[in-house]
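Engineer: 3D model of this:
(chains A and B)
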Amino acid sequence: MKLALFGGLYSNYLALEAAVADAQQRGVDAMFCLGDLGAFGPHPNRVFPLLRDHDISCVQGNYDDSIGHELNDCQCGYADPNDNYFAQVSYDYTLQNTSADNKAWLRSLPKELRLHVDGLRVLLCHGSPRRTNEFLWQSNTSTAFLDRLADEWATDLMVGTHSGIHWQRELRDGRRYVNVGVLGRPENDGTTNVWYAVLCTGSDAAAGALPCTANGTSVPISVNFVPVIYDHTLLAEKMQQEQLPDEFIQTVLTGWWTTCLEVLPSHERRMGRF
Amino acid sequence: MSTPDVMETPHIDLMSLDEIWFQVAGTVCNLTCQHCFISCSPHNHSFEFLTFEQVETTLVESVEYGVREYYFTGGEPFLNRNLVRMLKRTLDFGPATVLTNGTVLRPEWLSELRTAEEKSGFSLEFRVSVDGPTSEINDPIRGDGTFDRAIKGVALLCEHDFLPIITMTQTWDDSRNAEILQQFRGVLQKHGCHRPRLKILPRLKIGAEENRTEGYAETERITHQMMEGFDRSQLLCHHSRVVTNRGVYVCPILLEASNGAMGDLLGESLHPFPLNHGACYTCYQFGAICTNSTLRSQKSD
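Structural biologist: Below is the predicted model:
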């Protein structure tokens, strides 16, 4: 089985279009989105028809819960005043420009999706299985902790997004945690592309892929992180037309995060420019 | 008179053991800060240093609980001559954070830790206590000359490519917070800290601080009503325990509390805790102020 797994979209409909085309070219069996459809980018309604037209099942992210229920903020839970300022600018724009129908659809999304793929128990969530807005960064998450989550949620493959940088780790008995990254904005590495993941299991897994032996199975798993090149200059133009903050536009154009940095552990923070 | 139900102290259960704290320097510190909530000083030996073996045994035990990260505090952790070795071992298990006053750091320790962090892939964070952007604000609280010494420590951390989090205990009016933050960013930039990370923390009105200003009023307590709909993960005791030389405690703030001790061993310390202290009220108001905030407030789980 081959699955395309998209992380936070942040209204980046141009990247979503490019990712869908890429995934189709790879012959995926199904496509999923792990939530946070809005935020950061322009014209939040534009991702919805793409998701529906391509039959992409979605998990509800914290942003989707907030926009759907018209809450006061995005529930990202930033602690720094500067981070909160920019988060609120983004949230207020997205809330104002998301249609009532799309808000209703966001409210209807599930907090998690469970799949059975080639005998593997796959759990798709937004932040962590236990909490929609929990950040799981590679550098501040122990393997023992991920093993505990996998035990408690009875899953072989835990898949999430939320933090914005892709990574994966093998767990006990070949189980796996995968953070698919996000399509919404680049990864704070000075490149303008965004990322998604292709999960391949069973006979579709890459040659030599390690098997998951949990739950009496022996199913090979391979995860391919895919860089998506899209028309980021056009996105920047659209953001400018919508009078979104220049800080956001610079992130799209340069690949460096300029806001919401205080939530990063030092390891991930050092990789960026700011 | 209130009903017994309202009067009864709310208890908090341990949701999961996400963080383990090591009271690695006990209550021994090279400084005697006027606001220290456990009154640490060079002469306070009510809690003593942890040994390397105590830390390592706990690290191994922590795996079965699925602990996510580890914190090292005191006193001043770097007074414990085994700290570097302990941190290096910890980074085999997961991320580590040290709460330090920054005044006793040595370049050779930081070089060794820089190498260890890169090898491990887990973050090693330093939270450095400096109580304001000037010696005029900081030194009356933390002692003469401590601002300059701490800033030198911060600069040394930055030279070794660490990104220290500066924590300031707020001793000024709320209206000055933005100005203080901006001023401190400037100070840090001047000392080679180009990605300043700053946090303002509330005062905890116990220990030395109770004598410096005032203690908690009897009304400053968490009630059952306050806990209704409250996100319990904002309280450290919902996801942490502290290992000391005298056993396992509920949180690093309540070491001196009569009921702060939870058991001799980690496995004996997992029972619920009564939130009957004034410091619990501060934690309730401001969130889990001691951690790097991996759990965030949310409307609902």
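Engineer: What is the neighbour count of B:Met15?
Structural biologist: Neighbourhood size, B:Met15 [other C-beta atoms under 10 Å in any protein chain shown]: 15. From N, CA and C alone the C-beta is placed, and that goes for glycine too.
Engineer: Can you give me the buried ones in stretch A:110-129?
Structural biologist: A:111-113, A:115, A:117-118, A:120-129 (16 or more other C-beta atoms under 10 Å in any protein chain shown).
Engineer: ugh, wrong one, stretch B:57-68
Structural biologist: B:58-59, B:62-63, B:65-68.
Engineer: to the chain's geometric centre, what's the distance from stretch A:190-200?
Structural biologist: 10 Å (C-alpha atoms, centre = their mean, to the nearest Å).
Engineer: Residue 256: neighbour count?
Structural biologist: As the question left the chain open, I've gone with chain A. There are 19 residues near A:Trp256, going by other C-beta under 10 Å.
Engineer: other chain: chain B
Structural biologist: 15.
Engineer: On the three-state scheme, it is what?
Structural biologist: Counting by DSSP: H, G, I helix; E, B strand; the rest coil, the backbone at B:Glu256 sits in coil.
Engineer: Do you know the pLDDT at it?
Structural biologist: Note for B:Glu256: predicted pLDDT of 93.
Engineer: where do the strands sit along the chain?
Structural biologist: This is for chain A. A:2-6, A:30-33, A:57-58, A:113-117, A:120-124, A:157-160, A:167-170, A:176-179, A:194-201, A:211-212, A:219-228 (DSSP state E).
Engineer: Oops, wrong one, chain B.
Structural biologist: So, for chain B - with DSSP E - the strands run B:11-12, B:19-23, B:69-73, B:96-100, B:124-129, B:165-169, B:197-201, B:240-244, B:247-249, B:261-263, B:273-274.
Engineer: Residues contacting the last one, please?
Structural biologist: Under the criterion C-beta atoms under 8 Å, 6 or more residues apart in numbering or on different chains, residues B:9-12, B:14, B:237, B:250, B:259, B:262 lie in contact with strand B:273-274.
Engineer: if I look at the closest residue to chain A within the stretch 51-200 of chain B, how far off is A:Val59?
Structural biologist: Residue of the stretch 51-200 of chain B nearest chain A, by C-beta to the nearest C-beta: B:Gly66 (2.5 Å). Distance, B:Gly66 to A:Val59, using C-beta to C-beta, to the nearest Å: 23 Å.
Engineer: Any idea which helix or strand in chain B has the lowest mean pLDDT?
Structural biologist: helix B:4-7 (a mean of 48; mean pLDDT, DSSP states H and E).
Engineer: Pull out the buried residues from stretch A:50-68.
Structural biologist: A:50-51, A:54, A:56, A:58-68.
Engineer: now, which of those lie close to chain B?
Structural biologist: A:62, A:65-66 (C-beta under 8 Å from any C-beta of the partner chain).
Engineer: Can I get these in TSV including distance to A:Ala4 and pLDDT?
Structural biologist: Below are those laid out as TSV (distance: C-beta to C-beta, whole Å; pLDDT from 0 to 100):
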residue	distance to A:Ala4	pLDDT
A:Asn62	22	97
A:Asp65	24	98
A:Ser66	26	98
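Engineer: burial measure for the closest residue to B:Val63 other than its chain neighbours, as a count.
Structural biologist: Excluding its sequence neighbours, the residue lying closest to B:Val63 (C-beta to C-beta, 6 or more residues apart in numbering or on different chains) is A:Ala144, at 4.5 Å. When neighbours are counted by other C-beta under 10 Å, A:Ala144 registers 19.
Engineer: Please list all residues in contact with A:Ala144.
Structural biologist: B:62-68, B:93-94.
Engineer: got the residues you listed as JSON lines, with distance to B:Leu124 and pLDDT columns?
Structural biologist: Below are the contacts of A:Ala144 laid out as JSON lines (distance: C-beta to C-beta, whole Å; pLDDT from 0 to 100):
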{"residue": "B:Ser62", "distance to B:Leu124": "17", "pLDDT": "98"}
{"residue": "B:Val63", "distance to B:Leu124": "19", "pLDDT": "98"}
{"residue": "B:Glu64", "distance to B:Leu124": "24", "pLDDT": "97"}
{"residue": "B:Tyr65", "distance to B:Leu124": "21", "pLDDT": "98"}
{"residue": "B:Gly66", "distance to B:Leu124": "21", "pLDDT": "98"}
{"residue": "B:Val67", "distance to B:Leu124": "16", "pLDDT": "98"}
{"residue": "B:Arg68", "distance to B:Leu124": "15", "pLDDT": "98"}
{"residue": "B:Phe93", "distance to B:Leu124": "12", "pLDDT": "98"}
{"residue": "B:Gly94", "distance to B:Leu124": "11", "pLDDT": "98"}
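Engineer: Check these against A:Tyr93 and report the nearest one.
Structural biologist: B:Arg68 (33.9 Å; C-beta to C-beta).
Engineer: how many neighbours does B:Arg176 have?
Structural biologist: 13.
Engineer: right, I mislabeled it, should have said A:Arg131
Structural biologist: 21.
Engineer: now it, which residues is it bridged with?
Structural biologist: A:Ser128 (DSSP bridges).
Engineer: what pLDDT does it get?
Structural biologist: 95.
Engineer: just A:Cys260 next, same as before
Structural biologist: 89.
Engineer: how close does the nearest residue to A:Thr217 once chain neighbours are set aside get to A:Val89?
Structural biologist: Leaving aside its chain neighbours, A:Thr217 sits nearest to A:Gly119 (4.7 Å; criterion: C-beta to C-beta, 6+ apart). Going from A:Gly119 to A:Val89 by C-beta to C-beta gives 46 Å.
Engineer: same question, A:Gly184
Structural biologist: 15 Å.
Engineer: neighbour-wise, which of these two wins?
Structural biologist: Between A:Gly184 and A:Val89, A:Gly184 has the larger neighbour count (other C-beta under 10 Å), namely 26 against 16.
Engineer: Surely that one and A:Asp36 touch.
Structural biologist: Yes - A:Gly184 lies in contact with A:Asp36 (C-beta atoms under 8 Å); the separation is 7.1 Å.
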